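> here are the coordinates; sequence isn't available:
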């Protein structure tokens, strides 16, 4: 009897995966954790995304911050073209308890957590390592407060191309 119960539990919950050491590359496209729960409404998020500059040119470096008065354990941060969803740039500086993630052929075009310690403020340096980019880019972040409480693709401020 106990073996049947265990098999049923494993069958029902076997597809739920949490990643305490960072988001899996399989979540790069959707930015949605495979936690077996639905995301919270983004308009109810306690998390903020801020940027050091609202304009970029080739080789520009911009600081991107994730902050809140509420702890979070995990995240996935990318900078995308809001019209095509294509990921742009690379992250060149990151704080402790984070790591680079390569999405869609990149090597460091996303960052994620490397452990599940509580976080309240993180700052990253993103670099526009491309020429002839889109007119507008947006930082997007998925934030995980707990395994069942998370927000997907919170939108930061626009970063507009400033041709020199």
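Thanks, I have it. It should be emphasised that the depicted structure is a prediction, and the values quoted were computed from it without experimental measurement. Numbers count the residues shown, from 1 in each chain.

> report the helix or strand with the lowest average pLDDT across this structure.
Between all helices and strands in the chain, the lowest mean by mean pLDDT, DSSP states H and E belongs to helix 2-13, at a mean of 36.

> list the contacts of the helix or strand following that helix.
The helix or strand immediately downstream of helix 2-13 is strand 48-51, counting by DSSP states H and E. Applying Cβ atoms under 8 Å, 6 or more residues apart in numbering, the contact partners of strand 48-51 are 62-68, 139, 141, 154-157, 159. Quick note: C-beta positions are derived from backbone N, CA and C, even for glycine.

> now do stretch 151-159
So stretch 151-159 is contacted by 30-33, 39-40, 42, 45, 47, 49-51, 53-56, 62, 64, 79, 82, 136-143 (Cβ under 8 Å, 6+ apart).

> do the same with stretch 123-137
56-65, 77, 79-84, 88-95, 98, 111, 139, 158-161.

> low-confidence ranges in this protein?
Along the chain, segments meeting pLDDT under 70 span 1-21, 164.

> how about a cut-off of 90?
Counting by pLDDT under 90, the low-confidence segments of the chain come to 1-27, 34-36, 104-106, 147, 163-164.

> let's check: the centremost residue of it is which one?
residue 76 (1.9 Å; Cα atoms, centre = their mean).

> residue 100 is in contact with that one, correct?
No. With contact defined as Cβ atoms under 8 Å, residue 76 and residue 100 do not form a contacting pair (11.6 Å).

> spell out which residues are contacts of both of these two.
In contact with both residue 76 and residue 100: 110, 111, using Cβ under 8 Å, 6+ apart.

> show me what the host helix or strand of residue 69 is packed up against.
If you go by DSSP H and E, residue 69 is part of strand 61-72. Strand 61-72 is packed against strand 48-51, strand 74-80, strand 119-127, strand 136-146, with contacts defined by 3 or more Cβ pairs under 8 Å, 6 or more residues apart in numbering; DSSP states H and E.
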